[in-house]
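Participant: Take a look and give me a structure for this.
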Amino acid sequence: MNITQDIKYIGVNDHEVDLFEGQYDVPNGMAYNSYAIIDEKIAIMDTVDARFGEEWLKNIENALGGRTPDYLVVQHMEPDHSANITTFAKAYPSARIVSSAKAFVMMKNFFGTDFPDRQIVVGEGTTLSLGKHELIFVTAPMVHWPEVIVTYDSTDKVLFSADGFGKFGALDADEDWACEARRYYIGIVGKYGAQVQALLKKAASLDIQIICPLHGPVLTENLGYYLNLYNIWSSYGVESEGIVIAYTSVYGNTKKAVMRLADLLRENGCPKVTVNDLARCDMAEAVEDAFRYGKLVLATTTYNGEIFPFMREFIHHLTERNFQNRTVAFIENGSWAPMATKAMKGLLEKSKDLTFAEATVRIVSALNSESEAQLTALASELCKEYK
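Facilitator: Numbers count the residues shown, from 1 in each chain. Next up, the predicted model:
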């Protein structure tokens with residue numbers, strides 16, 4: 001696949017993987033992207049997952065038509081992108097390896113060598129000429145590892161964005177970009193919003209016409225759409241109007257309250273109501289929803305004097321990703337000593353700029369007229385701007 005006249009795609013699709021990074025469900029597989037910039041000198045941009053080394057080397061051979069690479073640029077040291085560095089080094093013994101100083105330290109840790117005789121260490125603003133193509137390196141620490149660099153080809157105006165602007169799914173998957181890119185971003189990069197904002201500010205000074213990420217499709221049109229979504233996600237802004245209800249239920253009574261609230265929210269004009277059963281849904285999808293919408297209702301039972309384990313796990317996923325700038329409401333259930341609201345608020349203490357709903361729903365075993373009235377009051381409060 002030709003990206004430009006001189007840039008070719010040499011990555012691979014993985015339809016064998018079931019869990020990316022051992023935790024994210026990827027029913028449509030993954031793409032591990034690599035690129036060849038062919039000029040007077042040839043640069044290969046990153047490697048691929050260990051299981052696809054042979055296929056990747058064949059892709060390089062086919063793309064270069066008998067020529068050999070001069071450089072391997074390593075932007076990111078996660079093994080899904082760096083696993084074949086030694087494979088490449090053996091196949092092309094004259095090629096130099098270009099990366100950040102921190103990346104070479106990681107290479108020594110991963111492979112037992114940092115290729116001392118072949119290193120080219122780059123940092124912020126370092127350039128590398130391939131002939132007519134001039135590569136400019138930009139540091140991107142903690143997006144989402146400390147060694148990350150991204151690369152701008154000033155000739156073709158291409159940004160090689162490392163894990164930025166990536167998504168779940170192989171390249172032959174027919175699916176909406178935003179849905180799987182959002183789940184990917186929130187799950188993997190979400191904690192590092194400040195660092196992504198810093199990188200976006202650097203990118204704003206560049207004339208970018210094409211974005212080549214390490215996962216997902218090459219982005220060539222309407223780049224403002226993708227940049228805007230990344231700005232929203234990394235600033236923890238609200239992407240879509242709506243309310244998410246995340247719940248756990250043991251014997252069904254909390255679920256009944258949740259479903260009743262969902263109906264009341266719709267009756268009150270809420271544009272979107274999303275309900276997630278935390279014991280059964282994809283946890284990453286539920287986390288994605290909490291960051292996408294502006295309001296979140298947490299509903300759970302008191303359990304061993306605290307809260308149900310799936311709810312604790314869910315809130316932990318939120319707080320470790322810097323959940324903030326949201327309205328949060330609570331529904332608690334308990335047969336003798338409801339304690340869930342207090343426990344959930346305690347877990348959210350380190351989250352910034354949360355607004356807690358005034359109306360709180362307390363269920364003692366099952367819904368009654370009092371808790372029904374509390375649900376009505378909560379729905380009215382959450383939907384007041386939709387009326």
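
Participant: tell me the average confidence for the strand or helix carrying residue 180?
Facilitator: Residue 180 is part of helix 177-184, with elements assigned from DSSP states H and E. The predicted model assigns helix 177-184 a mean pLDDT of 96.

Participant: Beta-bridge partners for the spatially closest residue to residue 120 that is not a sequence neighbour, please?
Facilitator: Among residues not flanking residue 120 along the chain, residue 98 sits closest, at 4.5 Å (Cβ to Cβ, 6 or more residues apart in numbering). Where C-beta positions appear, they are placed from N, C-alpha and C, glycine not excepted. Using DSSP bridges, the bridge partners assigned to residue 98 are residue 73, residue 120.

Participant: ok, so what distance separates residue 98 from residue 366?
Facilitator: Distance, residue 98 to residue 366, using Cβ to Cβ, to the nearest Å: 65 Å.

Participant: For these two, indicate the residue with more neighbours.
Facilitator: Set residue 98 next to residue 366 and count neighbours by other Cβ atoms under 10 Å: residue 98 wins out with 26 against 14.

Participant: check contacts around the more buried one.
Facilitator: By Cβ atoms under 8 Å, 6 or more residues apart in numbering, the residues touching residue 98 are 43, 71-74, 120, 122, 128.

Participant: Go through those and give me the one with the most neighbours.
Facilitator: Sorting those by how many neighbours each has (other Cβ under 10 Å) puts residue 72 first, at 27 neighbours.

Participant: how near is it to residue 33?
Facilitator: Counting by Cβ to Cβ - residue 72 and residue 33 are separated by 14 Å.

Participant: Name the strands paired with the one helix or strand in the chain whose mean pLDDT sits lowest and say parallel or antiparallel.
Facilitator: Using mean pLDDT, DSSP states H and E, strand 306-307 stands out as the lowest-scoring helix or strand of the chain, at a mean of 90. Strand 306-307 sits in its sheet next to strand 293-303 (antiparallel), going by DSSP bridges.

Participant: what's around residue 281, how many residues?
Facilitator: By other Cβ under 10 Å, the residues close to residue 281 number 15.

Participant: Closest to the centroid, which residue in the chain?
Facilitator: Most central in the chain under Cα atoms, centre = their mean is residue 185, positioned 1.5 Å from the mean C-alpha point.
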